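Q: Here you go, sequence then predicted model.
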Amino acid sequence: LGTARVLTINATTTPRVGRKEFPQTLPLANKELVLTFDDGPWPTTTPKVLAALKHECVEATFFVVGRNVAAHPALARRELADGHSIGHHAYSHRLLTHLPRAKAEAEIDRGFAADALALYGRRDSEPASPFFRFPGFASSPALLDWLQARGIVVFGADVWASDWNAMTPGFELKRLMRRIAKVGRGIVLLHDTKAETARMLPAFLRALKKGGYRIVHVVPAAGAAGARPLIN
């Protein structure tokens with residue numbers, strides 16, 4: 001399948017993307033898709049997802065949970081070393097709209113710090129890469145403005161397979177391909193913590209190739225924190 005092109009984005013031009021949550025999405029042509037994975041890294045499933053992506057020479061974006069990164073730092077570093085982009089998904093996947101604003105901001109910053117320590121070996125006051133997705137898409141205008149002021153792009157999604165629900169890999173594949181055909185292009189949301197998704201992914205990537213879809217890899221604008229090299 002491969003990666004057709006690389007799209008550089010920043011919060012100035014694309015502060016919030018994904019038509020399920022926001023009015024706009026990424027500037028993609030018909031049949032162009034951005035693959036994203038949430039909630040990892042997870043030792044029993046993330047390696048299978050990474051292997052499937054590597055086999056098809058595809059780059060994706062992983063929105064990692066800080067406590068999982070802290071528990072499995074080598075997996076997070078493997079994601080980055082394999083050429084994938086890293087996004088952030090807070091520290092413990094709490095729904096941030098259920099928290100007072102100060103605690104919600106602290107939960108986001110704690111995730112940034114955990115991810116930066118695992119990926120770069122240092123604690124930063126700013127995120128290791130300027131991509132963020134709200135757990136459960138539970139955002140608020142105040143938090144959205146706060147992240148935009150910090151130069152952080154907030155990702156929603158354009159299509160997903162609802163893989164937080166139990167289903168067989170075959171059913172998930174058929175549902176996801178049907179939904180992708182309906183929207184035509186956009187940000188695809190999956191979870192690298194789900195065993196069914198890990199089993200489905202090789203067939204999904206083959207189906208995308210057969211269907212003439214093209215993969216776009218999103219990366220931070222030059223000079224952003226996410227462009228820093230991985231330390232040894």
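A: Noted; the coordinates are in hand. Not measured: the values here are computed from a predicted model.
Q: What are the contacting residues of the helix ranked longest in the chain?
A: If you go by DSSP state H, the chain has its longest helix at helix 101-120. Outside helix 101-120, the residues within contact range by C-beta atoms under 8 Å, 6 or more residues apart in numbering are 64-67, 69-70, 73, 76-77, 80, 86, 88-92, 94, 96-97, 99, 122-129, 132, 140, 142-143, 146-147, 228, 230-231. (Each C-beta comes from the backbone N, C-alpha and C, glycine too.)
Q: Of these, keep whichever come out buried.
A: Among the contacts of helix 101-120, those classed as buried by 16 or more other C-beta atoms under 10 Å are 64-66, 69-70, 73, 76-77, 80, 86, 88-91, 96, 124, 127-129, 132, 143, 147, 228.
Q: Show me those residues that map onto strands.
A: Among the buried ones among the contacts of helix 101-120, the members falling in strands (DSSP state E) are 64, 86, 88, 132.
Q: any chance of those in TSV, with pLDDT and distance to residue 208 too?
A: Listed next are these as TSV, based on pLDDT from 0 to 100; distance: C-beta to C-beta, whole Å:
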residue	pLDDT	distance to residue 208
64	97	23
86	96	22
88	95	26
132	96	26
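Q: As a check, name the ranges of all helices in the protein.
A: 46-55, 66-71, 73-81, 101-120, 141-149, 169-183, 195-210.
Q: Ok, which of the ones you listed comes nearest residue 217?
A: Judged by C-beta to C-beta, the one of the helices of the chain that comes nearest to residue 217 is helix 46-55, at 10.7 Å.
Q: Sketch out the low-pLDDT regions of the protein for me.
A: 125, 223-232 (pLDDT under 70).
Q: can you name the farthest residue from the center of it?
A: residue 100 (25.2 Å; C-alpha atoms, centre = their mean).
Q: Next, it: phi, psi?
A: phi -60, psi 150 (degrees, to the nearest 10).
Q: Okay, it and residue 142: tell me how far apart.
A: 11 Å (C-beta to C-beta, to the nearest Å).
Q: hang on, the earlier thing: now, among the ones in strands among the buried ones among the contacts of helix 101-120, which is nearest to residue 53?
A: residue 86 (14.0 Å).
Q: Is that closest one in contact with residue 77, as I believe?
A: No: in this structure, residue 86 is not within contact of residue 77 by C-beta atoms under 8 Å, at 9.7 Å.
Q: how long is stretch 49-67 from one end to the other?
A: End-to-end span of stretch 49-67 (C-alpha to C-alpha, to the nearest Å): 20 Å.
Q: what's the answer for stretch 165-174, then?
A: 15 Å.
Q: and it, how far out from the chain's middle?
A: Distance of stretch 165-174 from the chain centroid (C-alpha atoms, centre = their mean, to the nearest Å) equals 20 Å.
Q: List the buried residues in that stretch.
A: For stretch 165-174, the neighbour count (16+ other C-beta under 10 Å) marks 167, 169, 172, 173 as buried.
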